[in-house]
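**Q** Prediction below, plus the sequence it came from.
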There are 4 protein chains.
Amino acid sequence: MTMIRCLDHGFVELVDAMGNDQTIVRSARVSYGNDLEMQSIKADRALIRYLMRHRHTTPLECVVLVFHIKMPIFVARQMVRHRMSSINEISARYTELPEEFYVPEPEHICYQATDNKQGRSGVMEHGEQEASMLEVEASTTFKLYQGRVKAGMAKELARINLPLSTYTRWYQKFDLHNLFHFLSLRLDKHAQYETRVYAEAMASFVKERVPLAWEAFEDFRLNAVTFSAAELRALARTFRVDSSGAAMEADNSTWPTDRERTEYLEKIAMIEKLAP
Amino acid sequence: MTMIRCLDHGFVELVDAMGNDQTIVRSARVSYGNDLEMQSIKADRALIRYLMRHRHTTPLECVVLVFHIKMPIFVARQMVRHRMSSINEISARYTELPEEFYVPEPEHICYQATDNKQGRSGVMEHGEQEASMLEVEASTTFKLYQGRVKAGMAKELARINLPLSTYTRWYQKFDLHNLFHFLSLRLDKHAQYETRVYAEAMASFVKERVPLAWEAFEDFRLNAVTFSAAELRALARTFRVDSSGAAMEADNSTWPTDRERTEYLEKIAMIEKLAP
Amino acid sequence: MTMIRCLDHGFVELVDAMGNDQTIVRSARVSYGNDLEMQSIKADRALIRYLMRHRHTTPLECVVLVFHIKMPIFVARQMVRHRMSSINEISARYTELPEEFYVPEPEHICYQATDNKQGRSGVMEHGEQEASMLEVEASTTFKLYQGRVKAGMAKELARINLPLSTYTRWYQKFDLHNLFHFLSLRLDKHAQYETRVYAEAMASFVKERVPLAWEAFEDFRLNAVTFSAAELRALARTFRVDSSGAAMEADNSTWPTDRERTEYLEKIAMIEKLAP
Amino acid sequence: MTMIRCLDHGFVELVDAMGNDQTIVRSARVSYGNDLEMQSIKADRALIRYLMRHRHTTPLECVVLVFHIKMPIFVARQMVRHRMSSINEISARYTELPEEFYVPEPEHICYQATDNKQGRSGVMEHGEQEASMLEVEASTTFKLYQGRVKAGMAKELARINLPLSTYTRWYQKFDLHNLFHFLSLRLDKHAQYETRVYAEAMASFVKERVPLAWEAFEDFRLNAVTFSAAELRALARTFRVDSSGAAMEADNSTWPTDRERTEYLEKIAMIEKLAP
């Protein structure tokens, strides 16, 4: 596996990598001066889980991955915000961009969520028609762009009306600590679907490269839940009073904000679903 | 409050600062385009708590604090590891260092902890004598140092035998996001006592400067507890079976490592103590 | 001066700042342990010039500026690449963007430079017409965008065909070291005109805040020239032809500080030694 | 070559590396969209020289080196200041440090320079005796340290009087851009000798890994000279005295690439225009 297709014209490709689970272990063991000893896989796994659990993240930095990514500009604009990475990108100042832009599949064209300012919910009626209109519009813009370049307009100006759906392409280098941070945000269900697709592709490469670190990342970050001071007090009341669904109780008056109470109840409901 | 004394000769002083709780709020609200509206303190507090809870940390970066710190070199060596800060330090290559070194109070001279490779436990017998020996040794070293400087030896060489307890002094600039990260590690009970003293001094300045952010930091970071995927499953079993201390149950066979089970039981015991 | 208009709808505003020339000086003097002494402006200026000349840049990091900037997305895409800054931006996932986009003035609509892959040269014929077409095109795109938002399409999707000329808005925090690096690249004649306009606005704020540091930045960075090893050899051949050590001449009165004169003479002497 | 001995007990070892000259070239060419084409070594060399000359440093970041380093603590204290690297170090809180400390060779024990606050000049008389006294002192300190550890004192306290000459050991990861920055400062004749020894060892590994980038680094950074605005005016006066445009001469055959010759002629022409 060296390239994973994403969306209609994009991809993620792993072009370079350094380090693995054993490198993490070596970097961590230098603290104790026993970095040069080989130990069992079991011991390595326990150590990596310990590091992840206690956020000792420096040893993760010795693993480095370089991805070659092609993605729409609006996705790129989200990815570039992860500063602790290194990027080299194609420049529309120097090069005429090929006519490639993202058109969502009809089943991804959704209504604005009402409960969530940033999300989507429910596939739109006439999605096919919306998709086709997006395509026509972007295509028209590209024709105008090509005309401007042909007429000799400076490329850095000719491109200013290109749509945010235009594909760009870059190399992006991450160390594993910062990549995990990126993934914990962009694999989240609140991340924009189009960006999540890229995060998932990158995650498959990580999983393959550092299986023990990935497992620990899933257990202690992706699938972990943090309880605030107030939530811990609520949980404590639960443990005492308890029996019969008492866990659901959370006295309204004791919460700093209503939203915190709601989020707590959601966590508890989620946990209860985990019961065998 | 502008200077807090630390250990026998050290201090932390806040010499410059930028931004406050309202700056955080403004930076966060620009996402919604309503950064220029004033809102109630209640709304500001709820927003700051939301940011901290969901690790939206960029708005914290617009608050900056500059500390003037005098501390033993072995403490400085821990603090410099927090890379996302900016440091200007006195140089023993250019300047003869004054005869100032740290001697612990007898009540802080402890035995090596047996359950914890990095900690202390139990005050040593003859602590006064140990302290006095440390003092004599460092003092002798300083006399030799001063002699070398006087004899004209290059300062950068004359200083090589100075003890790690020698005081150094620097300016260190942090943004609030990175300062919170620093504090979450160095206020912890596993941090070395001498470093924790400095973290506590810095924390008092933060508390005064950004009271709402500090409160949220305490509730969602310092006093929060994260449950791993395995712990959540254990918790779920608890909720179902329960009554009568069942929360303590945690089937041995279902834990990836023994240590994870022990840590879970500690978390549950801690939570049970919170019950009113 | 608190806001500078840029392009047709943009601006740069200084919303927060920390530190000044004296802060730089204090941070630098701590190396010698004399950071708490006040010295003359003349001494401060000489020190700041020395720091800039020898790239001792850490003391510059204690000066911090926060800008509120409104700019076209294609400009923002260049500015975000300067990673050592902190950004909070309006989000088109949460908020419907106002109908504001950049249309270049006809006199800025130029041909692609032929000698330079990234530049412009020569105003295009029919510039007015090109400008008007760019405007119509962007305006049409905005109408379609507004229709999609009105029809209930998720904002994060409705915006994907918005042009790169759409205005965005953010807060961006820089320390002076990284800001000088940004300015040295973006004030350059090879920077895109539209980005340079923003760099110039930011530069005016810097000039006002830290006049001594700005002067040194102009003399040792903006208006300085670096000669490579090969160039120095060429220069050396030149000097040989020259008569009578004239290269050694450097009128005392024209040098900002004595030390700069001495260093120049050293450079010339070094160059003369290169002569075959 | 995988390990280079440094000072009396130290070393630098290259334990991991990613990327080479071709990786730099690929990362740079993506700007033009032709990163997937193979080109001649000559073209690669010219491009790398161009990048270094114009400080287009991002492509250098895709080359990463990890060093295993053993060095005295006072050297480590200088190296850790290069923040854009990642470090995992042996901890004297967890581990008893072996009795290894740096004693300078008599020929390196020098007087404080009088013309330079930070340097050395002239070997001290009785250097052997000074070295032997440094050794005795450090050795005595180590005996006391070992006694404290044996008596059960917490390691984090027992170590506080250890000398700055004590050897520590760590893994340090650099990308090539930040490594060049480190080297440009620490290979300098003003760097402390003991640190320079380590910089030189690291430089040999770089030279071997990325020969083209190293050559460019030497020509455009290490052996280059920057002239300030004032110096350029002085140079201009010099040229005036000179006869007959000799400054324009620049023998074609001596330039590594044609473009470098052109740029030199432009610099000289620019300088000549400064003449009053």
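**A** In hand now; what should we look at?
**Q** same for the strand or helix carrying residue A:48, what does it pack against?
**A** Element membership for residue A:48, per DSSP states H and E: helix A:41-53. Judged by 3 or more CB pairs under 8 Å, 6 or more residues apart in numbering or on different chains; DSSP states H and E, helix A:41-53 is in contact with helix A:21-29, helix A:211-217, helix B:258-274. In this view, the C-beta of every residue, glycine as well, is placed from N, C-alpha and C.
**Q** tell me which strands and helices the second one is in contact with?
**A** Here helix A:211-217 is seen to pack against helix A:21-29, helix A:41-53, helix A:176-186, helix A:193-209 when contacts are counted using 3+ CB pairs under 8 Å, 6+ apart.
**Q** rank these by pLDDT, which is bottom?
**A** For the helices and strands packed on helix A:211-217, mean pLDDT drops lowest on helix A:41-53, to a mean of 93.
**Q** Buried residues, that one. List them.
**A** By 16 or more other CB atoms under 10 Å in any protein chain shown, the buried positions in helix A:41-53 come out as A:44-53.
**Q** isn't residue A:88 right next to residue A:169, touching?
**A** No: contact criterion CB atoms under 8 Å: residue A:88 and residue A:169 do not qualify, at 9.9 Å.
**Q** residues shared between the contacts of those two?
**A** Residues touching both residue A:88 and residue A:169 (CB atoms under 8 Å, 6 or more residues apart in numbering or on different chains) are residue D:30.
**Q** higher neighbour count, the two?
**A** residue A:88 (25 against 20; other CB atoms under 10 Å in any protein chain shown).
**Q** Show me what from the stretch 151-276 of chain A comes close to chain D.
**A** Residues of the stretch 151-276 of chain A lying close to chain D (CB under 8 Å from any CB of the partner chain) are A:169-171, A:173, A:175.
**Q** If we only consider those residues, which is nearest to chain C?
**A** For these, the residue nearest chain C by CB to the nearest CB is residue A:170; the value is 10.8 Å.
**Q** Could you list the low-confidence segments of chain A?
**A** A:1, A:116-118, A:238-254, A:275-276 (pLDDT under 70).
**Q** Now do the residue with the largest distance to the centre of it against residue C:109, distance only.
**A** Note on chain A: the largest C-alpha distance from the chain mean falls to residue A:151, namely 40.9 Å (CA atoms, centre = their mean). Distance, residue A:151 to residue C:109, using CB to CB, to the nearest Å: 11 Å.
**Q** Mutual contacts of the two, please.
**A** Common neighbours of residue A:151 and residue C:109, using CB under 8 Å, 6+ apart, are residue C:124.
**Q** Find the nearest non-adjacent residue to residue A:39, please.
**A** With CB to CB, 6 or more residues apart in numbering or on different chains as the criterion, residue A:39 has its nearest non-adjacent residue at 7.6 Å, and that residue is residue A:25.
**Q** isn't that neighbour right up against residue A:45?
**A** No: Residue A:25 is not in contact with residue A:45 according to CB under 8 Å; the separation is 9.2 Å.
**Q** Enumerate every residue touching the most centrally placed residue in chain A.
**A** With distances taken as CA atoms, centre = their mean, residue A:186 lies nearest the centre of chain A, 2.0 Å away. When contacts are counted by CB under 8 Å, 6+ apart, residue A:186 touches A:78-79, A:195-196, A:198-199.
**Q** Please look at residue A:135 and residue A:105 and confirm they touch.
**A** No: Residue A:135 is beyond contact range of residue A:105, at 11.6 Å (criterion: CB under 8 Å).
**Q** Helices of the stretch 1-150 of chain A, start to end?
**A** Under the criterion DSSP state H, counting those that start in this stretch, helices of the stretch 1-150 of chain A are mapped to A:21-29, A:41-53, A:73-79, A:127-150.
**Q** can you list the domains in chain A?
**A** Chain A resolves into domains spanning A:3-90+A:166-222, A:106-161, A:229-274 when parsed by automatic domain parsing.
**Q** Out of those, indicate the one that is most buried.
**A** Per residue and on average, the most neighbours among the domains of chain A fall to domain A:3-90+A:166-222, with a mean of 20 (mean count of other CB atoms under 10 Å in any protein chain shown).
**Q** now the end-to-end length of it.
**A** Length of domain A:3-90+A:166-222, first residue to last, CA to CA, to the nearest Å: 24 Å.
**Q** quick one, what contacts the nearest residue to residue A:210 once chain neighbours are set aside?
**A** Once flanking residues are discounted, residue A:210 sits nearest to residue A:21: 5.1 Å by CB to CB, 6+ apart. With contacts defined as CB under 8 Å, 6+ apart, the neighbours of residue A:21 are A:44, A:48, A:210-213.
**Q** and if you look at residue A:144?
**A** Residue A:144 makes contacts with A:161, C:133, C:137, as judged by CB under 8 Å, 6+ apart.
**Q** If we use 10 Å, what do you get?
**A** Contact analysis of residue A:144 by CB atoms under 10 Å, 6 or more residues apart in numbering or on different chains lists A:158, A:161-162, C:133-134, C:136-137.
**Q** repeat for residue A:123
**A** Applying CB under 10 Å, 6+ apart, the residues contacting residue A:123 are A:106-111.
**Q** Filter the residues you listed down to the ones in strands?
**A** A:110-111 (DSSP state E).
**Q** Compile the contacts of residue A:123 into a markdown table and extend it with columns for distance to residue A:230.
**A** Converted to a markdown table, those look like this (distance: CB to CB, whole Å):
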| residue | distance to residue A:230 |
| --- | --- |
| A:106 | 44 |
| A:107 | 40 |
| A:108 | 38 |
| A:109 | 40 |
| A:110 | 34 |
| A:111 | 34 |
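**Q** quick check, nearest of the contacts of residue A:123 to residue D:69?
**A** residue A:108 (50.7 Å; CB to CB).
**Q** leaving aside the residues next to it on the chain, what's closest to that closest one?
**A** Nearest to residue A:108 is residue A:193, by CB to CB, 6+ apart, at 6.1 Å.
**Q** Quick check, that neighbour in contact with residue C:156.
**A** Yes: using CB atoms under 10 Å, residue A:193 makes contact with residue C:156 at a distance of 8.4 Å.
**Q** Common neighbours of those two, please.
**A** Taking CB under 10 Å, 6+ apart as the contact rule, residue A:193 and residue C:156 both touch A:110, A:119-120.
**Q** Which of the helices and strands packed on helix A:41-53 sits closest to residue B:218?
**A** Among the helices and strands packed on helix A:41-53, helix B:258-274 sits nearest to residue B:218 (CB to CB), with 14.6 Å.
**Q** TSV for the contacts of residue A:144, including distance to chain B?
**A** As requested, the contacts of residue A:144 are exported to TSV (distance: CB to the nearest CB, whole Å):
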residue	distance to chain B
A:158	30
A:161	23
A:162	24
C:133	29
C:134	25
C:136	26
C:137	25
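**Q** Of those residues, just say which sits nearest to residue D:223.
**A** Nearest member of the contacts of residue A:144 to residue D:223, counting by CB to CB, is residue A:158, at 41.5 Å.
**Q** Could you say which helix or strand holds the closest one?
**A** Counting by DSSP H and E, residue A:158 is found in helix A:155-158.
**Q** Give the other helices and strands that that helix contacts.
**A** Helices and strands touching helix A:155-158, as assessed by 3 or more CB pairs under 10 Å, 6 or more residues apart in numbering or on different chains; DSSP states H and E, comprise helix A:127-150, strand C:110-112, strand C:120-123, helix C:127-150, helix C:193-209.
**Q** so can I have CSV of the ones you listed showing distance to residue C:233?
**A** Below are these laid out as CSV (distance: least, CB to CB, whole Å):
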stretch, distance to residue C:233
helix A:127-150, 43
strand C:110-112, 36
strand C:120-123, 33
helix C:127-150, 47
helix C:193-209, 34
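**Q** All set, thanks.
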